[in-house]
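# no sequence for this one, just the structure:
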């Protein structure tokens, strides 16, 4: 707000210095990079879950030695 001769005006500050320009592809590439990073972080757990579901569907949960949500003991847990 600027007060000029007793009246208030709204003003916009404009600079002719172009040092603050952003590249045209900056935002789309940033969105793509965030999406790719999210997929890379979430893909391994989803892949393991899909492999487990496939194994249960072909072999059956009783034959795999684990129930849903449980993992098999590792060699160190079994004392080998």
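Arrived safely, thanks for sending. Just so you know, these numbers come straight off a predicted model, no measurement behind them.
# what about the residue at minimal distance from the centre of the chain, distance to residue 49?
What sits nearest the mean C-alpha location of the chain, by CA atoms, centre = their mean, is residue 38, with 2.5 Å. To residue 49, residue 38 is 17 Å away according to CB to CB, to the nearest Å. The way it works is simple: take the backbone N, C-alpha and C, and place the C-beta from them, glycine included.
# same question for residue 8.
From residue 8 to residue 49 the distance is 62 Å (CB to CB).
# one more: residue 24?
Counting by CB to CB, the gap from residue 24 to residue 49 is 39 Å.
# go on, residue 29?
According to CB to CB, residue 29 and residue 49 sit 30 Å apart.
# contacting residues for the residue nearest to the centre of the chain?
Contacts for residue 38 (CB atoms under 8 Å, 6 or more residues apart in numbering) come out as none.
# surely residue 1 meets residue 7?
No - taking contacts as CB atoms under 8 Å, residue 1 lies outside contact range of residue 7: 10.5 Å.
# what segments of this structure are helices?
Assigned by DSSP state H, the chain shows helices spanning 26-59, 61-64, 75-78.
# mean neighbour count, the ones you listed: which tops it?
The highest mean neighbour count among those, using mean count of other CB atoms under 10 Å, belongs to helix 61-64: a mean of 12.
# quick one: residue 10 from residue 36, how far?
Going from residue 10 to residue 36 by CB to CB gives 42 Å.
# same deal with residue 56?
For residue 56 relative to residue 36 (CB to CB), the value is 30 Å.
# ok, residue 47 next?
From residue 47 to residue 36 the distance is 16 Å (CB to CB).
# same question, residue 53
25 Å.
# now do residue 44
Residue 44 is 14 Å from residue 36, by CB to CB.
# about what we covered before: turn the helices of the chain into a markdown table, columns for mean pLDDT.
Formatted as a markdown table, the helices of the chain follow (pLDDT from 0 to 100):
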| stretch | mean pLDDT |
| --- | --- |
| helix 26-59 | 90 |
| helix 61-64 | 56 |
| helix 75-78 | 55 |
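# out of the ones you listed, nearest to residue 17?
Closest to residue 17 of those is helix 26-59 (CB to CB; 18.7 Å).
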